[in-house]
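>>> Based on what follows, work out the 3D shape:
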Amino acid sequence: MSGIFGSTLTFSQEEGEDVRLVVFGDDKYARYETLDGYSVVYDPDRGTYCYARTDGAGGTRRFVSTGTPVSVPPPEGLRRHLREGQLYRREVFQDRMMKGVPDEDRAEIDPDALFTRGPVKGLLPGTALTEGEVQGLTILVDFPSKQTEVTEDDVSALLNSPHFTANGNHCSVKEFFRTMSTGRLVFSNTVVGPFRMSRPRLAYSLDEHEGELVPEALQAAADAGVDFSRFDSLGRGVVDSVCIMYAGNTVFKGDLWPHNSRFPAQIGGVRTDFYTVTSMGERASDLSIGTFCHESGHLLCRWPDLYDYGTLEREGDDFTSAGLGTYCAMSSGNNLGDGFLPSAVSVYLRRLVGWTEDVDISVPGAYEARQGEYDKALVYQNPDRPDVEYYLVENRSKLGFDTALTSSGLAVYHCDIQGSNEFQQGTLVRHYQCALLQADGHMDLEHNQNDGDGGDLYGPTAGTAVSHSSRPPSLWWDGSESGLTLSNVGAPGEVITFRTGEQGVAGTKITGRSAPNEAIPEGVGGLTDAISLVGAGTVRDLTVSIDIEHGHIGDLRVVLLAPSGRRAVIHNRTGGATKNLRLTLTSDPPSLLAPLVGDAVAGAWKLKITDAAQPVAGTLLSWEITLHTGT
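Just a heads-up that it's a prediction; the model follows:
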């Protein structure tokens, strides 16, 4: 499934012009708002989107149409950002999720476990097809009011060509899975159609016609003489893969929302099982591999989504986090480059389906992480929870499938097959299934600030980059020390070198001093002075002393920057007309220096001073930094 959380999209109506709505959710449950925040529903009696009100009470309340089209002002007194009840939403979601669970597995599956959690050792229920040659059936469909210029040959090239780069696509779908599996899985598709559906395209997005698109497409293919038994590679009497692609751009509503589910139908001597639905765009130049690969990852490999549904309130709130963001094609990485340049599938999911060989990095020493070496997993296991909780290290430099990532360097993942990317809290019982340790310590993915930024991956680090005292630390989910320590990390590229095991001696005292006796320029740029420290390990505690001669210290702002770029504001225009800033700070809590504890020791520590006023001049006489190392 593909999640949309806060994007503005265009929707058609039977009556009136297209409307722009803000979308929150996925194919299992979604809500829609006007640009100014009013909840809406499609009213089939009027053929338009109308403002919504809620009917019922408490957890069972649901949306009904007010009868007022969104083309006019909302009814008086209507409140913005209405929500349907939690119990109702959960019921809708669970019902649609359970449709994707094979009958033989339903008795053993807790519906709650399907919220971005892989209940079968990290994977979704159902037979995973991860090795050998799998021949899928792709059925093209169009509509009475919506035909397509896209041909069978166009789609076949997208899905099967060994050298497909049209429209800027990185490769074909077949080559994507061949590369991710290092040749273990060869996924080809036979393309048939397009077949004309019986209803206008809009009808298949409406609740009253929910579930009609797939059986109608299957019947159209059967009526055209398609031999479904050709697509049973394992001789199970079950069709391996059915993919339905519809004419026009993606509609994020109803049966047309890109999704993976299950529809068992007996056709000749075989039955269908898992299927996907995606769009093929208006013309051949719209064809992109990203969404098709994402949905096929569910269908073939039974990979779960690694993002947070949020609005379904599994956590008791409406908070949506980014999950693994753009760092996996099964999170939001399938959308990179508008779907033409999807990111790789993370090593976590590749390992779950047996596409990798483990390299144990618990033994202290030097290691290499090679970009694009998709059959290797650098693993650090939790001995108390083997094969359940562990760390993985991967080279995610901006090369190959990772060209469009926002960050480049060494990725460190904290994995737990019993977790869920619905849980951003990071506690013992509520944590991600696969969490990226973001090198800048900001936890932007958990806080839903972005889907990834330039500070997420580990770049060149002379000292210790990751340890029990770094920020973020390498702890187990119960808060205990894991023992994973990474140091001497190399630069991004085809090969990133690093070391595991403790480096340096804990408690070593390191001191640096600078006495520039330099004037502080007035204005934005200010003065920056640096002290270079040499040593291994991370900062356990820190003391900074500064001596600034100035006639009005309320004009001064002083910031200390660690070599990583992390910063601590140690004076911010306080003190009014007091003369001269002579200050000594320690990192003992509570402290302004607390953000720098756990940072790597080695490198240039910088003091930046800005003077907001004129014409009072000042001078940095000297400053000193003293620290003790951790591991």
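>>> Any stretches of this structure with poor pLDDT?
1-3, 5, 97-118, 309-319, 428-429, 503-506, 524, 614-616, 631 (pLDDT under 70).
>>> then the helix or strand encompassing Ala411 to CSV, C-alphas only?
With secondary structure defined by DSSP states H and E, Ala411 is part of strand 410-416. Output in CSV follows, covering the C-alpha atoms of strand 410-416 (Å, rounded to 0.1, in the frame of the first residue of the first chain):
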residue,chain,number,x,y,z
LEU,A,410,26.9,4.7,6.6
ALA,A,411,23.4,3.7,7.8
VAL,A,412,22.9,2.0,11.2
TYR,A,413,19.5,0.3,11.8
HIS,A,414,18.1,-0.9,15.1
CYS,A,415,15.9,-3.8,14.2
ASP,A,416,13.2,-5.8,16.0
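>>> and the helix or strand following it, what does it pack onto?
Using DSSP H and E, the next helix or strand after strand 410-416 towards the C-terminus is strand 434-436. With contacts defined as 3 or more CB pairs under 8 Å, 6 or more residues apart in numbering; DSSP states H and E, the packing partners of strand 434-436 are strand 410-416. Placement of C-beta: from N, CA and C, glycine included.
>>> Mind listing residues that contact the strand it packs on?
Contact partners of strand 410-416, identified using CB atoms under 8 Å, 6 or more residues apart in numbering, comprise 327, 346-348, 369, 385, 388-396, 431-437, 456-459, 465-466, 474, 477, 486, 489, 492, 496, 498.
>>> And those residues, which of them are buried?
Judged by neighbour count, with 16 or more other CB atoms under 10 Å as the criterion, the buried members of these are 327, 346-348, 369, 389-396, 431-437, 456-459, 465-466, 474, 477, 486, 489, 492, 496, 498.
>>> Surely Leu336 is within a helix?
Yes. Following the definition DSSP: H, G, I helix; E, B strand; the rest coil, Leu336 is counted among the residues of a helix.
>>> Can you report how many residues lie near it?
Residues near Leu336, counting by other CB atoms under 10 Å, number 23.
>>> and if you look at the one 3 residues further on?
Number of residues near Gly339 (other CB under 10 Å) recorded here: 22.
>>> show me the contacts for it.
Contacts for Gly339 (CB under 8 Å, 6+ apart) come out as 288-291.
>>> So it versus Val150, what's the distance?
In this structure, Gly339 lies at 15 Å from Val150, with CB to CB, to the nearest Å as the measure.
>>> and the closest residue to Thr584 other than its chain neighbours, what element?
Setting aside the residues directly before and after it, Thr584 is nearest to Ser545 in space (CB to CB, 6 or more residues apart in numbering), at 4.4 Å. Following DSSP H and E, one finds Ser545 within strand 539-550.
>>> Following element in sequence after that strand, please.
As assigned by DSSP H and E, the chain's next helix or strand after strand 539-550 is strand 556-561.
>>> Would you state the strands of the stretch 301-450 of the chain in chain order?
Assignment of strands within the stretch 301-450 of the chain using DSSP state E, counting those that start in this stretch yields the ranges 357-360, 365-370, 376-381, 389-395, 410-416, 434-436.
>>> Pull up the pairing partners for the fourth one, direction included.
Strand 389-395 has the following strand partners under DSSP bridges: strand 376-381 (antiparallel), strand 410-416 (antiparallel).
>>> Which one of the strands of the stretch 301-450 of the chain lies nearest to Leu213?
Ranking those by distance to Leu213, with CB to CB as the measure, places strand 434-436 first at 32.2 Å.
>>> contacts for that closest one?
Residues beyond strand 434-436 that count as contacts (CB under 8 Å, 6+ apart) turn out to be 306, 324-325, 327-328, 346, 348-349, 411-415, 419, 421, 426, 445-446, 456.
>>> Tell me the neighbouring strands of it, and mark each as parallel or antiparallel.
Each strand paired with strand 434-436, and its direction, by DSSP bridges: strand 410-416 (antiparallel).
>>> now the strand it pairs with, how far from the centre of its chain.
What separates the centre of strand 410-416 from the centre of its chain is 13 Å, taken as CA atoms, centre = their mean, to the nearest Å.
>>> for stretch 510-524, same thing?
Counting by CA atoms, centre = their mean, stretch 510-524 is centred 42 Å from the centre of its parent chain.
>>> List the buried residues for it?
510, 512, 514, 520, 522.
>>> and what of stretch 235-254?
Burial within stretch 235-254, assessed by neighbour count using 16+ other CB under 10 Å, is assigned to 238-248, 250-254.
>>> cool, and stretch 35-55?
Neighbour counts using 16+ other CB under 10 Å place 38-43, 46, 48-54 of stretch 35-55 among the buried residues.
>>> what's the answer for stretch 209-225, then?
Of all the residues in stretch 209-225, those buried under the rule 16+ other CB under 10 Å are 209, 212-214, 216-218, 220-221.
>>> picking up where we left off before, could you dump the strands of the stretch 301-450 of the chain to TSV with distance to Ile4?
Output for those, formatted as TSV (distance: least, CB to CB, whole Å):
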stretch	distance to Ile4
strand 357-360	36
strand 365-370	33
strand 376-381	31
strand 389-395	27
strand 410-416	25
strand 434-436	21
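>>> Give me whichever of the strands paired with strand 389-395 is most buried.
Each of these was given a mean neighbour count from mean count of other CB atoms under 10 Å, and the largest, a mean of 24, is that of strand 410-416.
>>> Run the angle between that strand and strand 365-370 for me.
100 degrees (axes from the mean of the first three to the mean of the last three CA atoms, to 10 degrees).
>>> Renumber starting at 18 from here on
Okay, using 18 as the starting number, the last item reads as strand 427-433.
>>> Counting by contacts, list what the one helix or strand Leu637 maps to packs against.
When secondary structure is defined by DSSP H and E, Leu637 falls within strand 635-646. Counting contacts by 3+ CB pairs under 8 Å, 6+ apart, strand 635-646 is packed against strand 526-531, strand 535-537, strand 540-550, strand 556-567, strand 620-628.
>>> Can you say which of the ones you listed is nearest to Glu390?
strand 620-628 (29.2 Å).
>>> Mind giving me the packing neighbours of that closest one?
Using 3+ CB pairs under 8 Å, 6+ apart as the contact criterion, the elements in contact with strand 620-628 are strand 535-537, strand 540-550, strand 556-567, strand 573-578, strand 635-646.
>>> Can you give me the buried ones in it?
Using 16+ other CB under 10 Å, the residues of strand 620-628 that count as buried are 620, 622-628.
>>> export those residues to TSV and tack on distance to Ser296?
Putting the buried residues of strand 620-628 into TSV (distance: CB to CB, whole Å) gives the following:
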residue	distance to Ser296
Gly620	49
Trp622	53
Lys623	51
Leu624	55
Lys625	50
Ile626	56
Thr627	52
Asp628	57
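>>> Identify the residue spatially nearest to Tyr49, adjacent ones excluded.
Tyr49's closest residue in space is Leu38 (CB to CB, 6+ apart), at 4.6 Å.
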